[in-house]
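# Generate coordinates for the sequence data below:
(one chain, ligands or ions: 1)
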Amino acid sequence: MTLASPDGTLAPGGPPARLRLGTRRSALALAQSGMVADELRARLGVEVELVHIVTEGDRNKAAINQLSGTGVFVSALRDALLAGEIDLAVHSLKDLPTVTPAGITLAAIPPREDVRDVLISPSGRRLAELGPGARIGTGAPRRAAQLLALGLGLEVVPIRGNVDTRIKKAIDGEVDAVVLAKAGLARLARLDAVTEILDPDVMLPSPGQGALAIECLTSAVAPTGVTTGCPVVPDGDVTGAGGSATPGSGVGAPLAGLLRFVLDDAPSSVAVRAERAFLAAIEAGCTAPVGALARVVPAAGSSWPAGGSGQPLRAGEVRLRAVVASPDGGTVLRRELIGPTADPEALGRRLADDLLSAGAHTLMGTR
Ligand SMILES: NCc1[nH]cc(CCC(=O)O)c1CC(=O)O
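Residues are numbered from 1 along each chain as shown. Purely as a prediction, here's the structure:
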């Protein structure tokens, strides 16, 4: 591998610094990966090659819920990382299991998209206007339970498929409306289809919704030349990669630290860490549908660093809301907590404990 010169151009004669980015090949995955690839090219002056990986979730459209639980969209990408076929993987964070396999690290969480769910109803009727017996398409137990809990007499119809397929089922009249994540529609430039944005007090999103996850091998080293022009990567980072890179030293920097430096957004990362810690702890105690949403509120007088600055957060607070429901929506438990940004995981675990003692442990689901 050859060195890039400080202006980002490549030294003559050698192969260009190159990163292989693994992605699912759905329209949404390609849109997301394309954004990450563009950012890496712009910030690091490297070539980024998109490697399409077919996951079990893509192969087996039937009954995603019945497949081995979470992770059906994720395992093949992780396998490709462990096999050395790709250097980094881009996932929708909400599809990522809470346990990261040995050898892989969650290197970065880029600036998050809108976290909310939306309703798409071709008749133009909002949720409250749809009326008893209206058929709402969703395959997510979390969405089903919260829809049923509204007491509007809505009927939930399990549907599957990618974003376009699900919109088409509403347009074709197979269902009256569908509920989807606004983030996916934004990334696919399909916001025109949205009828109503659902308030998180009505429809709490999935933990990690709207966020991307960038994974790489814990031990991976960036191709020589990739760090050129970048300031020192901070030590003791959340990636566990540790180490630091000296600008232009020619010594390979830990790839995880580098990805975090250029892609990670501190407020998004803190919020998602609270939600994922909540999810991990609640999953240990019950199998009912859950939603969780954290927001970071800066302390007065402090400002958040821009996305990708790699800086730790200054003083501020995290507000974490969560819902656990019975699958039929008959029982809905909602709680929230506020805590320091310094330890979002502790906040997530505390909220899970609160909900489990409030009765979540007695709720059973199919998730
Ligand atoms: N499970 C599928 C999935 N994974 C990520 C998104 C949307 C983008 C996001 O939430 O980040 C979707 C589709 C949806 O729920 O509407």
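
# Could you show which parts of the stretch 151-300 of the chain are in contact with the ligand?
With CB under 6 Å from any ligand atom as the criterion, the stretch 151-300 of the chain comes near the ligand at residues 163, 180-181, 183-184, 209-210. No exception for glycine: its C-beta is placed from N, CA and C like everyone else's.

# One more pass at 5 Å, please.
Contacts of the stretch 151-300 of the chain with the ligand, taken as CB under 5 Å from any ligand atom, map to 180-181, 183-184, 209-210.

# Filter those residues down to just the ones in helices.
Within these, residues falling in helices by DSSP state H are 183-184.

# Weed out the non-buried ones from the residues of the stretch 151-300 of the chain next to the ligand.
The neighbour count (16 or more other CB atoms under 10 Å) marks 180-181, 183-184, 209-210 as buried among those.

# Throw the residues you listed into CSV and include pLDDT, thanks.
Formatted as CSV, these follow (pLDDT from 0 to 100):
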residue, pLDDT
Leu180, 98
Ala181, 98
Ala183, 98
Gly184, 98
Gln209, 98
Gly210, 98
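
# State the pair within the residues you listed that is farthest apart.
Leu180 and Gly210 (11.8 Å; CB to CB).

# Please enumerate the strands of the stretch 201-350 of the chain.
Counting by DSSP state E, counting those that start in this stretch, the stretch 201-350 of the chain has strands at residues 212-217, 290-298, 316-325, 332-340.

# Can you tell me which of those is most buried?
strand 212-217 (a mean of 25; mean count of other CB atoms under 10 Å).

# Return that strand as CSV; C-alpha atoms alone will do.
Extracted in CSV, the C-alpha atoms of strand 212-217 (Å, rounded to 0.1, in the frame of the first residue of the first chain):
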residue,chain,number,x,y,z
LEU,A,212,-26.4,4.0,11.1
ALA,A,213,-23.8,1.7,12.6
ILE,A,214,-20.3,1.4,11.2
GLU,A,215,-18.5,-1.8,12.2
CYS,A,216,-15.0,-3.0,11.6
LEU,A,217,-12.6,-5.5,13.0
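
# so where's the stretch 51-200 of the chain uncertain?
59-70 (pLDDT under 70).

# Now do the domain split for the protein, please.
Taking automatic domain parsing as the reference, the chain has its domains at 18-110+211-264, 117-197, 267-362.

# Of the residues of the stretch 151-300 of the chain next to the ligand, just say which sits nearest to Asp58.
Closest to Asp58, out of all of these and judged by CB to CB, is Gly184, at 15.3 Å.

# Isn't that closest one up against Ser26?
No - contact between Gly184 and Ser26 fails when scored by CB atoms under 8 Å: they sit 9.8 Å apart.

# do you know how far the most centrally placed residue in the chain is from Leu212?
Centroid check for the chain by CA atoms, centre = their mean gives Leu93 as the closest residue, at 2.1 Å. Distance of Leu93 to Leu212, computed by CB to CB, to the nearest Å: 6 Å.
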